[in-house]
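J.: Got a predicted model here, sequence first, then my questions.
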Amino acid sequence: MMKSLLERWGKWLLYNGWYLQRPPWDTETTPPEVEAYLQQHTAGRALELGCGSGLNAVRMGREGWEVVGVDFALRAVQRARRRAAQAGVQERVRFMTGDVTRLEGVEGPFDLVLDIGCFHTLSLQGQKAVIDRLEQLLAPRGEFLLYAWIQVGAGMGLNAERIAYIQEHFQLVQRADGWEHPGQPSAWFLWARDTA
């Protein structure tokens, strides 16, 4: 229990520290996979896990989506709120400081859950907690658009067991593998709560 608490505080300090400047994952570019999704789907309600400085949530808000973004880095959420206000979408896009494995105060249903690089940083227990919570939050036929690293050795990322766990709960619609970082395989997954 104490070790878990210390790890959580250490992670919180680390990620807040990254936001004293611009963290390396904050590319200021919405990925083409998200752009394609927005072009192919009617606006609805979306939840972004690990929303960071709000770039993608604000992009969705500009397309008419109602968005809730959650990140546990307070500095990231402060930046995200400023970004939404500057873009004039603060009425449609709301940001919360919170733990994505709990999602306290988040109410569905959501047509889309977006996660770009947050899920793969979680422990197996944390990932299971997210999936269990998404089962409650996703609307019927809602979708989970996930970008994650694929685990290499003992490194961070999804392995076959973790992908299988998601597949026990959601239907895999699409998978596109890539190598966006040297030596680090990754994939975009589109999961659906119900395809019927």
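T.: Cool, the structure landed. Numbers count the residues shown, from 1 in each chain.

J.: In terms of pLDDT, where does Ala196 sit?
T.: We have a pLDDT of 56 for Ala196.

J.: my bad, His181
T.: On the pLDDT scale, His181 gets 71.

J.: One more: Trp12?
T.: For Trp12, the model assigns a pLDDT of 52.

J.: How about Ser53?
T.: 93.

J.: quick one: it is in a helix?
T.: No: secondary structure assignment (DSSP: H, G, I helix; E, B strand; the rest coil) places Ser53 in coil, not in a helix.

J.: ok now do it, which residues does it touch?
T.: 19, 26, 76, 79-80, 83 (CB atoms under 8 Å, 6 or more residues apart in numbering). Bear in mind the C-beta positions are built from the backbone N, C-alpha and C, glycine included.

J.: Just among the residues you listed, which is most surrounded?
T.: Within these, Ala80 tops the neighbour count with 27 neighbours, counted by other CB atoms under 10 Å.

J.: separation between the spatially closest residue to Gly108 that is not a sequence neighbour and Arg82?
T.: Of all residues not flanking Gly108 in the chain, Leu137 sits nearest, at 3.6 Å (CB to CB, 6 or more residues apart in numbering). Distance, Leu137 to Arg82, by CB to CB, to the nearest Å: 26 Å.

J.: quick one: which of these two has more around it?
T.: The residue with more neighbours, out of Leu137 and Arg82, is Leu137; 20 against 14, by other CB under 10 Å.

J.: Quickly note the distance from Ala84 to Glu48.
T.: 12 Å.

J.: Likewise for Leu158?
T.: 19 Å.

J.: Who has more neighbours out of the two?
T.: Using other CB under 10 Å as the criterion, Leu158 and Glu48 rank with Glu48 on top: 30 against 22.

J.: What pairs with the helix or strand hosting the more buried one, parallel or antiparallel?
T.: Assigned by DSSP states H and E, Glu48 falls within strand 45-49. Strand pairing for strand 45-49, using DSSP bridges, gives strand 66-71 (parallel), strand 110-116 (parallel).

J.: Which among those is found nearest to Tyr165?
T.: strand 110-116 (14.9 Å; CB to CB).

J.: What average pLDDT does the closest one get?
T.: 98.

J.: where's the closest residue to Lys128 other than its chain neighbours, which helix or strand?
T.: Nearest non-adjacent residue to Lys128, counting by CB to CB, 6+ apart: Tyr165, 6.4 Å away. Taking DSSP H and E as the definition, one finds Tyr165 inside helix 160-169.

J.: What is the subsequent helix or strand relative to that helix?
T.: Next along the chain after helix 160-169, taking DSSP H and E as the criterion, comes strand 171-181.
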